[in-house]
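[1] Kindly generate the corresponding structure for this input.
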Amino acid sequence: MAKNNTPSRYVITDCDEGAQINSGIRLGFVGSGYELKGFSEVVKILSKLFPGKLVIAATSQSDWMKDRLGLTDWDEINAMAQQHLQALAEKENLLYSGLLKFEDPKEIGHGIKGHMVRPKNMHLANKICFSLGGGEQVYNLGQYVLSADWLCKANEELAKKVINSQLDFLQSVSKTSLKLVGQMDGALGKETALKNKKMLAKIGYEVEEVK
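    Numbering: from 1, shown residues only. Okay, here's the model as predicted:
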């Protein structure tokens, strides 16, 4: 049988620990980037770093979307999230793939397959994992996932604006102090991962390397 050499799509999702991508490589941002200050600049950097057109997906029960939309009913929030992220995709020249649901893994569009795996209405994460070398490489239900793959091409002002607001929000919804770790592997390579880690340190965040 011939080997499939089609490269994986890079997909922007919420940083929620329950969002699992089975086909595709995940880049995590709160609310999949919705109303995240500096997101447009980050997308431009990511589009240059990774091959192919970036994809964006909505996730069920996004705390960031709930907070920004001012709603309490999850069905309504999920429906509104899909509309807003589809509009965001058009604005940022991304492909919109669909909603990750609390069900078996399902292809949601543009080659992306995934689902939500944490219990509904419950967070289990006790740490934040920065992807530093090219998106999430190893899934772990115990951690939120934040993309820091782009920091090597960003100035300090942009880095602070985007990273600080996300960390502050995740800590605000967590019932425990969140440890910071970094995943170094990925297509960008070790040298780029180290540059990303160095920028994190420059803006005040030392991370432990994990596999």
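[2] low-scoring pLDDT stretches of the chain, where are they?
    1-7 (pLDDT under 70).
[3] So which residue is smack in the middle of it?
    With distances taken as Cα atoms, centre = their mean, the residue of the chain nearest its centroid is Gly28 (0.7 Å).
[4] That one is in contact with Ala148, isn't it?
    No: using Cβ atoms under 8 Å as the test, Gly28 is too far from Ala148 to be in contact (9.6 Å). (Glycine included, C-beta is placed from N, CA and C.)
[5] residue contacts, the residue nearest to the centre of the chain?
    Shown in contact with Gly28 (Cβ atoms under 8 Å, 6 or more residues apart in numbering): 12-15, 19, 131, 136, 144-147.
[6] Return the backbone torsion pair for it.
    Main-chain dihedrals, Gly28, degrees, to the nearest 10: phi -90, psi 130.
[7] Then the one 4 residues further on?
    According to degrees, to the nearest 10, the main-chain angles of Ser32 amount to phi 60, psi 30.
[8] what are the phi and psi angles of Lys113?
    With angles defined as degrees, to the nearest 10, Lys113 sits at phi -130, psi 130.
[9] burial measure for the residue nearest to it when sequence neighbours are not counted, as a count.
    Distances taken as Cβ to Cβ, 6 or more residues apart in numbering place Ser23 nearest to Lys113, at 3.7 Å, with adjacent residues excluded. Neighbours of Ser23 under the rule other Cβ atoms under 10 Å: 14.
[10] in stretch 161-178, what counts as buried?
    161-163, 166-167, 169-170, 174, 178 (16 or more other Cβ atoms under 10 Å).
[11] for these, which one is nearest Ala201?
    Ile163 (11.6 Å; Cβ to Cβ).
[12] Quick check: that closest one touching Ile203?
    Yes: checked against Cβ under 8 Å, the pair Ile163 and Ile203 is within contact range at 6.3 Å.
[13] one step back: what's the overlap in contacts for Gly28 and Ala148?
    Common contacts of Gly28 and Ala148 (Cβ under 8 Å, 6+ apart): Ser131.
[14] just the strands in the protein please.
    Per DSSP state E, the chain carries strands over the ranges 10-13, 19-23, 25-28, 55-59, 95-100, 106-109, 112-116, 127-131, 143-147, 179-183, 208-210.
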